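1. got a predicted structure here, sequence first:
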Amino acid sequence: MTTAPADPTLPDGFRVRVRRDVRRLDDGRVLVGGSPLRVIRLGEPAQRLLHRDEVRVADRTSAALAERLLGANVADPVLDDQRVDPADVTVVVPVRDRAAQLDRCLRAIGPQLHVLVVDDASHDPAAVREVVLRHGAHLVPLAVNGGPAVARNAGLRQVRTPYVAFVDSDVRVTAATLLRLARHLSDPRVALVGPLVAGDATSARPRWFERFDERASSLALGDVACEVRPGAAVAWLPSACLVGRVADLAGGFSEEMRVGEDVDLVWRLVARGRTVRYDPGERADHDTRTTVRAWLGRKHLYGTGGAPLAARHGDHTAVAVLSPAMAVAGAAVLLRRRWSAPVVALATLRAARLVERSVPADLPGRHAESARLAVRGLGWAVRQESALALRHWWPPVLAACLVSRTARRMVATALLVDTLQALPATTPRDLPATLLGRRLDDAAYGAGLWTGALRARSLRCVGVRLLRSR
């Protein structure tokens, strides 16, 4: 088992490339982008190191610049030159029954990688054993069912390679994909990396909710690569498919958590100063649920994980993050009252003034750029507050709608915003199923979130975090 460097830095020859969605202003001297949004002014030494939007690490200065660009999520690592020996990766597959799915999972991985299958006290262990032996994997049987975290940790304790891949039994991913993901670990700061986990219907004739889950899986976190941390565009990774550095995973997953253990692991790693990355250029296919009850039950279960995560990680679980000005402006848009337009204008103007403090004073078009960023912030606030009304806070909002015309107006606007968001990702034929699927998804998740909050006797998991003006 290898040990992570005490003060890791990027190795010589490592390359990073500025992302295409980053705006370049003032002849490339100012970069605007990332997650959370940043305005970065590059001094002359940094400009000299940035050649054709790439930085190649050659010394401490270039390493510091590359690390800064990666950390701001305005650049991605270039891994074309990195190679990982298959002998350095062990795959851990937790399973309880589901022999047919396990068979598909192991067939997809193939014989190239060593695989440990941890049987978490299956009701039919013989069926699991038969599949494991047929694929040449190694079986780790558990006498008592402990849940996914316990099973993964049991496998992790037997790993003797520097890298480990966790792959759920209802996931199909190739060895080549896992090895490409492991290339991210050539950055010694990276502890964990995950691919795009896409829903995949295995039914001969997928029903509407299965097709919806293929388009809008809860585990699919978008198509933009980034560094994962609370407050970023991608704040967590699903444990359905992960590749990690064994030396960084001491203690593994929290075994008392049967849901949210993947979020907890990511946030604990980040709190320790380690880096977690999301690479949607690589894909793992996750079986969709085959009944409406199982599909919605899983959404409800995900929601119940909010309360225990809030108890451990506090404000990281905030269901929305807003500046006071944008919170007021977003609410004004949703309420659609006579006073909404002037309130939105004043709040947006206030936000633009605050943004100007972060924009270099000598930047050409400084005022216009600040206004553009403020309007972008307004759009983000409206989307977040729409999600609050329809997803995270829908139980109390529904109660309010029974007695308040204002609440009903707000929900109607939120539904319009949500529909407009859904249009680019669907076809006219699938639009009715998409809109129904979004409402059921939100209802199930929100119900789970409030169920967890009531059990914990704490509303922390449904709280909103207001940003201080800086």
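-> Great, that's in hand.
2. and whichever strand or helix holds residue 213, what's buried?
-> Take DSSP states H and E as the rule and residue 213 turns out to sit in helix 208-215. Applying a neighbour-count criterion of 16 or more other C-beta atoms under 10 Å, the buried positions in helix 208-215 are 209, 210, 211, 212, 213, 214, 215. Heads up, the C-betas are built off the backbone N, CA and C, glycines and all.
3. what packs against it?
-> strand 190-200, helix 292-304, helix 431-456 (3 or more C-beta pairs under 8 Å, 6 or more residues apart in numbering; DSSP states H and E).
4. ok so, going back, columns pLDDT and distance to residue 296 on top of the buried residues of helix 208-215, output as TSV?
-> Below are the buried residues of helix 208-215 laid out as TSV (pLDDT from 0 to 100; distance: C-beta to C-beta, whole Å):
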residue	pLDDT	distance to residue 296
209	93	9
210	94	13
211	92	15
212	93	12
213	93	11
214	92	16
215	90	17
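5. just the buried residues of stretch 167-176, please?
-> 167, 168, 169, 170, 171, 172, 173, 174, 175.
6. helices and strands of this structure: which one has the lowest mean pLDDT?
-> Scoring the helices and strands of the chain by mean pLDDT, DSSP states H and E places strand 38-41 at the bottom, with a mean of 88.
7. and the angle for the helix holding residue 213 with helix 292-304?
-> Using axes from the mean of the first three to the mean of the last three C-alpha atoms, to 10 degrees, the direction of helix 208-215 lies 40 degrees away from that of helix 292-304.
8. dump the residue contacts of residue 220.
-> Contact analysis of residue 220 by C-beta atoms under 8 Å, 6 or more residues apart in numbering lists 196, 197, 198, 199.
9. I'd assumed it was in a strand, is it?
-> No - counting by DSSP: H, G, I helix; E, B strand; the rest coil, residue 220 falls outside a strand, being coil.
10. and what about residue 282, helix, strand or coil?
-> strand.
11. that one: neighbour count?
-> Using other C-beta atoms under 10 Å, residue 282 has 23 neighbouring residues.
12. next: residue 315.
-> As a burial measure, residue 315 scores 13 neighbours (other C-beta under 10 Å).
13. could you do the one 10 residues further on as well?
-> Look at residue 325: counted by other C-beta under 10 Å, it has 23 neighbours.
14. could you do residue 134 as well?
-> Other residues close to residue 134 by other C-beta under 10 Å number 11.
15. quick check: pLDDT value at it.
-> Predicted confidence (pLDDT) for residue 134: 97.
16. just the element for the closest residue to it other than its chain neighbours, please.
-> Take residue 134 and drop its neighbours on the chain: the residue closest to it by C-beta to C-beta, 6 or more residues apart in numbering is residue 103, 7.7 Å away. Element membership for residue 103, per DSSP H and E: helix 99-109.
17. try residue 92
-> strand 89-95.
18. what about that strand, average pLDDT?
-> The model assigns strand 89-95 a mean pLDDT of 98.
19. just want the angle from that strand to helix 99-109.
-> 170 degrees.
20. where does the residue nearest to residue 186 when sequence neighbours are not counted land on pLDDT?
-> Once flanking residues are discounted, residue 186 sits nearest to residue 82: 4.6 Å by C-beta to C-beta, 6+ apart. Looking at residue 82, its pLDDT is 88.
21. what about residue 82, which SS state?
-> Classified using three-state DSSP, residue 82 is coil.
22. look up how far residue 462 lies from residue 322.
-> Residue 322 sits 14 Å away from residue 462, going by C-beta to C-beta, to the nearest Å.
23. and after the least confident helix or strand of the chain, which helix or strand comes next?
-> helix 44-49.
24. which elements pack onto that following helix?
-> helix 60-71.
25. quick check: angle from the helix it packs on to strand 190-200?
-> Using the same axes, to 10 degrees: helix 60-71 against strand 190-200 is 30 degrees.
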